[in-house]
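[1] Predicted model follows, preceded by the sequence.
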Amino acid sequence: MKNFPKNFWWGAATSGPQSEGRFNKKHANVFDYHYEIEPEKFHNQVGPDTASNFYNSYKEDIHMMRSIGMNSLRTSIQWSRLIDDLETNTVNQDAVDFYNNVIDTMIAEGMTPVMNLHHFDLPVELYDKYGGWESKKVVDLYVGFAQKCFELFGDRVKFWATHNEPMVVVEGEYLFQFHYPNIVDGKKAVQVAYNLNLASAKAIQAFRKLNIKDAQIGTILNLTPTYAASDAPEDQEAARIAELWNNKMFLEPAVYGHFPAELEELLTQDKVLWETTDAEKEILKNNTVDFLGVNFYHPNRVKAPDVAPNSVGEWMPDRYYDAYDMPGRRVNLDRGWEIYPKALYDIAVNIKENYKNIPWYVSENGMGVSNEDRFKNAEGMIEDDYRIDFVQEHLEWLHKGIEEGSNCFGYHMWTPIDCWSWLNSYKNRYGFISNNIHTQIKTVKKSGYWFKEVAKQNGLDD
């Protein structure tokens, strides 16, 4: 038996915008708005209106999660739901009641609530008025929202996260056009990356001032390890820069309170460095995280770029590296992502050796598969053995990292119940529990029953 540490988190992660639906929400976030103006961009034109109906069915849903062994759940508090007046941070009482009920239900079921404050869901009014995360005014409005969350729910929520995958905001909104407003602007992207780091540090500062008993705050990063295509110096250099941009730009400030000097040098040389102040540098320095959440799905393989980085044209970070498709790789063909479980071990070792062996947990891992009804058995259960194999392999490599001293305290699957996935809507399903989005009838998959046994014995059978 491969045993995991005592009190290990066995759970899953979702988010407010992907599970709750738009019910009873005063403000639209950027995705609500994007669906209003371009529904055709979303798979089968399915938007966030109902999502998984968590706003109405949270009691039954949480009970179902507990029934498959989950002892913890991460979700997020929607800024666009909780706050009434976005300028003054007054709260909406219906939203306060909803989140109180969700938190109380989790605790009553014996589950640890983990609350995240920003999951790609900026209120669209703040984009229209200020340019969203391009603006330090929005950073401060976010901190006001975060403070309200700590004050309202901090007596019961003891684990907080400032952002989920902030890099996705940078890339989706400002570089690669997969999140509204779909801008391509490298200089703005760099400033947004800085502002998201600053927002995290300022929210941590506000959290610490409240001195909440037995509570911790961290951030959740998609730490996709970078693997060079070869040992050739040019491939290694491409990997070094990809690692600086994709991982270290958020990881170093979170753990060490400053940006990597090599990254600042590169961005200065390219004339795209962010605007900062000495006072902000102090805030970053003094407000680092208590723990890390790490999202991992697939490795990031890169090679030297086909076009020289000093070619003429708009600045983009990926002028320094190209994606590399390794021959013979294993792939989840539905999603197009490489399956490489050993990366979880590499992450564990990296955090241990280079990031103070800070406490961390796997905050997302999973596989999206489309048309899962093809795997239904006669009783109507989805037999998702591919998902069981995927999670088992990742847990085996994670266990090896823990055995070698990495300070990992949990594993959360993405996601408990099939949820709405941005532009992909419900195309790829990730849950332990399936959801018929037309009837909102939810059914445990084979993987859910398997996970229950793993959680019960706090380990894997050899």
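    Cool, got the structure.

[2] got the contact list for residue 234?
    residue 304 (Cβ atoms under 8 Å, 6 or more residues apart in numbering). Glycine gets a C-beta too; all of them are placed from N, C-alpha and C.

[3] Looking at per-residue confidence, what score does it get?
    With respect to pLDDT, residue 234 has a value of 98.

[4] do the same with residue 230
    For residue 230, the predicted pLDDT is 98.

[5] Look up which residues are beta-bridged to the nearest residue to it once chain neighbours are set aside.
    Leaving out its chain neighbours, the residue that sits closest to residue 230 by Cβ to Cβ, 6 or more residues apart in numbering is residue 303, at 7.5 Å. In this entry, residue 303 is beta-bridged to residue 322, by DSSP bridges.

[6] any idea how far residue 303 is from residue 329?
    From residue 303 across to residue 329, the span is 14 Å (Cβ to Cβ, to the nearest Å).

[7] And the two? Which one has more around it.
    Comparing residue 303 with residue 329 by other Cβ atoms under 10 Å, the one with more neighbours is residue 303, at 20 against 14.

[8] correct me, but that one touches residue 238?
    Yes - here residue 303 reaches residue 238: they are 6.0 Å apart, a contact under Cβ atoms under 8 Å.

[9] helix/strand/coil for residue 267?
    Recorded secondary structure, residue 267: helix (DSSP: H, G, I helix; E, B strand; the rest coil).

[10] Use 19 as the first number from now on
    Let's use 19 as the start, then, which means that last one is residue 285.

[11] neighbours around it, how many?
    Neighbour tally, residue 285, other Cβ under 10 Å: 23.

[12] Provide a list of residues in contact with it.
    208, 291, 292.

[13] Let's see that with 7 Å instead.
    Residues near residue 285 by Cβ atoms under 7 Å, 6 or more residues apart in numbering: 208, 291.

[14] again, but for residue 46
    Residue 46 neighbours (Cβ under 7 Å, 6+ apart): 98, 142.

[15] Quick check: it vs residue 199, distance?
    In terms of Cβ to Cβ, residue 46 sits 13 Å off from residue 199.

[16] now do residue 401
    41 Å.

[17] SS state for residue 98?
    Once three-state DSSP is applied, residue 98 turns out helix.

[18] Not counting sequence-adjacent ones, nearest residue to it?
    residue 45 (4.0 Å).

[19] My assumption is that that neighbour lies in a helix; please confirm.
    No - Residue 45: not assigned to a helix; according to three-state DSSP it is coil.

[20] surely it meets residue 145?
    No - using Cβ atoms under 7 Å as the test, residue 45 is too far from residue 145 to be in contact (11.4 Å).

[21] Could you tell me how many residues sit around residue 41?
    15.

[22] An error on my part: the question was meant for residue 395.
    Residue 395: 9 neighbours (other Cβ under 10 Å).

[23] Wait, it touches residue 461, no?
    No - the pair residue 395 / residue 461 is not scored as a contact, 11.4 Å apart, by Cβ under 7 Å.

[24] quick one: common contacting residues for the two?
    With Cβ under 7 Å, 6+ apart, residue 395 and residue 461 have no common neighbours.

[25] Roughly how far does the residue nearest to residue 98 sit from residue 330?
    42 Å.

[26] Looking at the two, which is more packed in?
    residue 45 (20 against 4).

[27] From residue 105, how far off is that one?
    Distance from residue 45 to residue 105, by Cβ to Cβ: 12 Å.

[28] what do you get for residue 365?
    Taking Cβ to Cβ, one finds residue 365 at 40 Å from residue 105.

[29] Who has more neighbours out of the two?
    residue 365 (24 against 12).

[30] In what element of secondary structure is the more buried one found?
    Element membership for residue 365 (DSSP states H and E) is helix 360-372.

[31] Now the element after that helix, going C-ward?
    strand 378-382.

[32] mind checking the longest helix of this protein?
    helix 204-228 (DSSP state H).

[33] tell me which residues in that helix are buried?
    Neighbour counts using 16 or more other Cβ atoms under 10 Å place 204-225 of helix 204-228 among the buried residues.

[34] pLDDT of that helix, averaged?
    98.

[35] Give the other helices and strands that it contacts.
    The contact analysis (3 or more Cβ pairs under 7 Å, 6 or more residues apart in numbering; DSSP states H and E) places helix 204-228 against helix 154-171, strand 177-182, helix 184-192, strand 234-239, helix 267-274, helix 296-304.

[36] Out of these, which gets nearest to residue 373?
    Nearest of the helices and strands packed on helix 204-228 to residue 373, taken as Cβ to Cβ: helix 267-274 at 4.8 Å.

[37] what's next to the closest one, contact-wise?
    So helix 267-274 is contacted by 184-185, 211, 215, 218, 237, 239, 241, 276-278, 281, 302, 306-307, 310, 373-374, 376 (Cβ under 7 Å, 6+ apart).

[38] now the angle from it to strand 177-182?
    For helix 267-274 against strand 177-182, the angle by axes from the mean of the first three to the mean of the last three Cα atoms, to 10 degrees is 150 degrees.

[39] Next secondary structure after whichever helix or strand residue 50 is part of?
    Here residue 50 sits within helix 48-55, counting by DSSP H and E. Proceeding N to C from helix 48-55, the next assigned helix or strand is helix 72-85, under DSSP H and E.

[40] List the contacts of the helix or strand following that next one.
    Following helix 72-85 in sequence order, the next helix or strand is strand 90-94 (DSSP H and E). For strand 90-94, contacts defined as Cβ under 7 Å, 6+ apart pick out 27, 29-34, 37, 83, 124, 129-135, 137, 182, 381, 428, 430, 434.

[41] Can you flag which of the residues you listed belong to helices?
    Short answer: the contacts of strand 90-94 in helices (DSSP H) are 34, 37, 83, 124.

[42] Need the nearest residue in space to the third one, chain neighbours excluded.
    Spelled out, that is residue 83. Residue 83 sits nearest to residue 434 (Cβ to Cβ, 6+ apart), 4.8 Å away.

[43] cool, and residue 308?
    Residue 308 sits nearest to residue 234 (Cβ to Cβ, 6+ apart), 4.0 Å away.

[44] same deal with residue 403?
    Per Cβ to Cβ, 6+ apart, closest to residue 403 is residue 464, 6.8 Å.

[45] Residue 313 too?
    Per Cβ to Cβ, 6+ apart, closest to residue 313 is residue 382, 3.8 Å.

[46] Return the distance of residue 279 relative to residue 285.
    Applying Cβ to Cβ to residue 279 and residue 285 gives a distance of 11 Å.

[47] What about residue 297, how many residues nearby?
    Residue 297: 7 neighbours (other Cβ under 10 Å).

[48] so how many other residues sit close to the residue nearest to residue 313?
    23.

[49] Please apply the same query to residue 397.
    Residues near residue 397, counting by other Cβ under 10 Å: 7.

[50] Which helix or strand contains it?
    Going by DSSP H and E, residue 397 is not in any helix or strand.

[51] Check residue 121 too.
    helix 111-126.

[52] these two touch, right, residue 120 and residue 77?
    No - in this structure residue 120 lies outside contact range of residue 77 using Cβ under 7 Å: 8.9 Å.
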